[in-house]
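**Student:** any chance you can model this:
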Amino acid sequence: MKIADILVQQGHLNEADLLRARAHHQQNGTPLLHTLIQMELVSPEQLIKSLSECYSIPVFDLRDLRAASQDALDLLPVALLQKLNVFPIKIEDGKLHLIFGSYPIDLPTLDMIKSRAGLKIQPYLAKGSDIRDAIERFIVQDKTKDALDKLLQEATVEVSLKTRSGQASPFDNRMIENAHSPVVRLVDLVVQTAVRSRASDIHFEPRETTLAIRYRIDGRLTVAKRIPPHLAASIVARLKIMSDLDISERRRPQDGRIRIGVDGKDVNLRVSTVPTVYGEKVVLRLLNHELAGIKDIRSLGFNEKDLHEFQDALDLKQGIVLITGPTGSGKTTTIYTALNQMSEKELNITTIEDPVEHCIDGLNQIQVNHKTGLTFASILRSTLRQDPDVIFVGEIRDSETADVAFKSALTGHLVFSTLHTNGCLATLARLRDMGLEPFLMASALRLVVAQRLLRLNCRSCRVPYAPNERALERMERLLSRKLTGTFYRSPGCHQCSDMGFKGRTAVYETLKISDKVRSLIAQEAPAAVILEQARQEGFSTLVEQAAAKAEAGLTTLEEIYEVLDMGLKISARAAAATVVGS
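**Tutor:** Numbering: from 1, shown residues only. The predicted model follows:
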């Protein structure tokens with residue numbers, strides 16, 4: 001309570017917000033300081049500063065740490081460090097210098113650590129997220145690399161010995177089903193490492209002289225490991241066993257699913273195999289909620305105007321809302337976030353998906369199966385007899401599905417769906433190409449959203465920079481204004497694995513179908529005329545929204561050109577040479 005009062009005195013928190021937080025704290029039993037952070041009433045930095053002043057405990061910036069004492073790291077087990085959210089940096093003058101990321105520091109925890117370490121404690125404070133990054137960077141990653149190399153050697157020996165002696169083939173059950181087999185443990189560790197690295201996909205790619213394992217992180221593929229080619233068959237067989245696929249079928253593509261536990265959490269993986277020249281390629285899509293999925297709508301990346309329009313659309317009783325963009329632009333995350341929020345209402349919500357990626361409590365989710373005649377259109381017709389309030393059609397791929405979806409939106413149903421188009425106005429043209437009547441489009445459409453995903457600058461190593469002159473001039477011509485603000489780029493550090501980016505955010509353009517826009521659609525007005533009317537009502541394009549994020553220092557102009565496919569390629573070397581002060 002004392003810390004909360006100090007936050008008020010320092011102007012970081014007002015009395016009304018403090019009362020709300022205290023009510024939430026008393027109702028849910030969550031510690032007050034944690035409640036303040038969860039409700040985003042104060043930032044972790046503000047809280048740490050107040051704690052430091054109150055208890056005279058210094059603040060330690062872990063982002064600047066380049067090395068930690070191995071003696072200190074060996075004192076306490078990794079599991080305990082992760083549980084308590086603490087990180088040891090050195091032993092000096094008979095004291096363990098220990099950084100705490102959980103607040104407040106309670107005496108029982110301090111006494112327990114003293115007893116385990118056998119040393120007095122010199123405490124420091126840091127953000128909890130920085131503590132977790134340090135544990136991952138200095139302990140977990142090193143141990144994982146060593147374990148992976150060791151398992152690779154063991155698997156190589158096992159497969160080589162058995163196949164050379166003729167005792168077993170690469171598909172021997174003892175190698176691909178026994179939990180203690182090096183091949184099994186190797187596959188498990190590859191998946192676990194991918195989850196911990198925030199990967200969205202794992203690629204097992206057979207090549208002439210190696211099996212390349214690549215992770216897709218923040219939309220970019222990076223090689224994680226190269227495996228000797230004689231292990232490829234056993235690894236692919238193990239993945240097929242895990243996903244209940246036919247290990248004897250290697251000439252046709254197969255699809256399956258895997259569910260495993262990683263760090264106490266369930267992770268769902270979608271599995272796809274295809275035959276290639278050098279063997280079968282396997283791709284695992286990670287579908288766990290933490291990576292892909294269920295977020296708060298405010299965290300998606302909408303600006304305030306578009307956020308209000310999107311939230312208003314969720315309260316409609318009928319009409320159709322379209323989320324558009326190319327594959328990998330984050331449409332699924334936006335849709336699932338909206339459905340998750342709507343599932344809290346007393347509504348009958350049905351989804352028609354191919355495939356069902358996330359199972360959400362409160363939704364009736366149906367899997368498309370073309371072999372049995374369960375297409376989007378046929379399921380949609382049957383669903384209309386199930387008294388639905390909200391229907392999500394995974395994708396409008398043909399004129400039949402489009403016709404049924406739009407007519408459903410006129411009969412008392414709120415319909416969500418996706419389209420693969422490049423923008424809101426391109427969506428209107430695509431619907432006309434599908435044969436939809438203009439009056440039907442105008443009557444049913446309520447909102448069109450187009451989106452992309454931009455990589456975020458790593459906040460640990462970002463520095464001011466001068467954007468490439470050609471990129472800057474061209475962007476200013478497109479926007480018809482001068483760009484302002486301080487631009488940042490990240491040269492790369494340990495926290496972003498030297499990639500320069502960490503995490504992604506969505507950028508949106510949102511076309512609300514107002515009465516005037518609806519009238520223009522019904523009249524088959526040209527796209528330029530509709531755009532002019534939309535601009536008068538506050539519409540802003542993807543380029544404009546993305547440029548605003550660059551001006552805020554969240555990403556780079558070069559990233560915008562690449563993601564929006566604007567035909568201007570700037571090399572990383574050229575961008576790096578323009579860092580301010582370099």
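**Student:** who's in contact with Gly325?
**Tutor:** Contact analysis of Gly325 by CB atoms under 8 Å, 6 or more residues apart in numbering lists 331, 420-422, 450-452. Heads up, the C-betas are built off the backbone N, CA and C, glycines and all.
**Student:** shaky segments in the chain?
**Tutor:** Within the chain, the segments meeting pLDDT under 70 span 1, 102-104, 106, 140-146, 159-176, 178, 288-295, 569-582.
**Student:** if you rank the contacts of Gly325 by neighbours, which is first?
**Tutor:** Using other CB atoms under 10 Å as the neighbour test, the contacts of Gly325 are led by Ala450, with 27 neighbours.
**Student:** on contacts alone, who are the packing partners of the helix or strand where that residue lies?
**Tutor:** Using DSSP states H and E, Ala450 sits in strand 445-457. Counting by 3 or more CB pairs under 8 Å, 6 or more residues apart in numbering; DSSP states H and E, the packing neighbours recorded for strand 445-457 are helix 304-314, strand 319-324, helix 331-342, helix 424-433, strand 501-512, helix 542-551, helix 557-563.
**Student:** would you mind saying which of those lies nearest Val283?
**Tutor:** helix 331-342 (16.4 Å; CB to CB).
**Student:** buried residues in the closest one, which are they?
**Tutor:** 331-340, 342 (16 or more other CB atoms under 10 Å).
**Student:** what's near enough to touch Phe376?
**Tutor:** Per CB under 8 Å, 6+ apart, neighbours of Phe376: 352, 354, 368, 393-397, 401.
**Student:** narrow those residues to those in helices?
**Tutor:** The members of the contacts of Phe376 that map onto helices under DSSP state H are Thr401.
**Student:** which stretches of the stretch 51-200 of the chain form helices?
**Tutor:** Assigned helices in the stretch 51-200 of the chain, in chain order: 70-73, 78-84, 107-117, 128-135, 141-165, 173-176, 182-196 (criterion: DSSP state H, counting those that start in this stretch).
**Student:** got those helices as CSV, with distance to Leu557 and mean neighbour count columns?
**Tutor:** Listed next are the helices of the stretch 51-200 of the chain as CSV, based on distance: least, CB to CB, whole Å; neighbours: other CB atoms under 10 Å:
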stretch, distance to Leu557, mean neighbour count
helix 70-73, 41, 14
helix 78-84, 38, 14
helix 107-117, 47, 13
helix 128-135, 27, 19
helix 141-165, 32, 15
helix 173-176, 49, 18
helix 182-196, 31, 20
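**Student:** among these, which is nearest Leu96?
**Tutor:** Nearest of the helices of the stretch 51-200 of the chain (CB to CB): helix 107-117, 5.1 Å.
**Student:** name the residues that touch the closest one?
**Tutor:** Taking CB under 8 Å, 6+ apart as the rule, helix 107-117 contacts 75-76, 80, 84, 86, 96, 98, 120-121, 123.
**Student:** and stretch 363-373, what's buried?
**Tutor:** For stretch 363-373, burial by neighbour count (16+ other CB under 10 Å) applies to 363, 365-366, 368.
**Student:** swap that for stretch 310-326, sorry
**Tutor:** Neighbour-count burial for stretch 310-326 flags 310, 313-314, 318-325 (criterion: 16+ other CB under 10 Å).
**Student:** of all those, which comes closest to Leu19?
**Tutor:** Using CB to CB, those come closest to Leu19 at Leu314, 29.3 Å.
**Student:** residue contacts, Ala313?
**Tutor:** Taking CB under 8 Å, 6+ apart as the criterion, Ala313 is in contact with 319, 321, 446-447.
**Student:** what number of residues lie near Pro77?
**Tutor:** 11.
**Student:** actually Ser490, not the one I wrote
**Tutor:** Ser490 has 24 neighbouring residues, counting by other CB under 10 Å.
**Student:** do Leu374 as well
**Tutor:** 15.
**Student:** phi, psi for it please.
**Tutor:** Torsion angles at Leu374 (phi, psi; degrees, to the nearest 10) stand at phi -90, psi 80.
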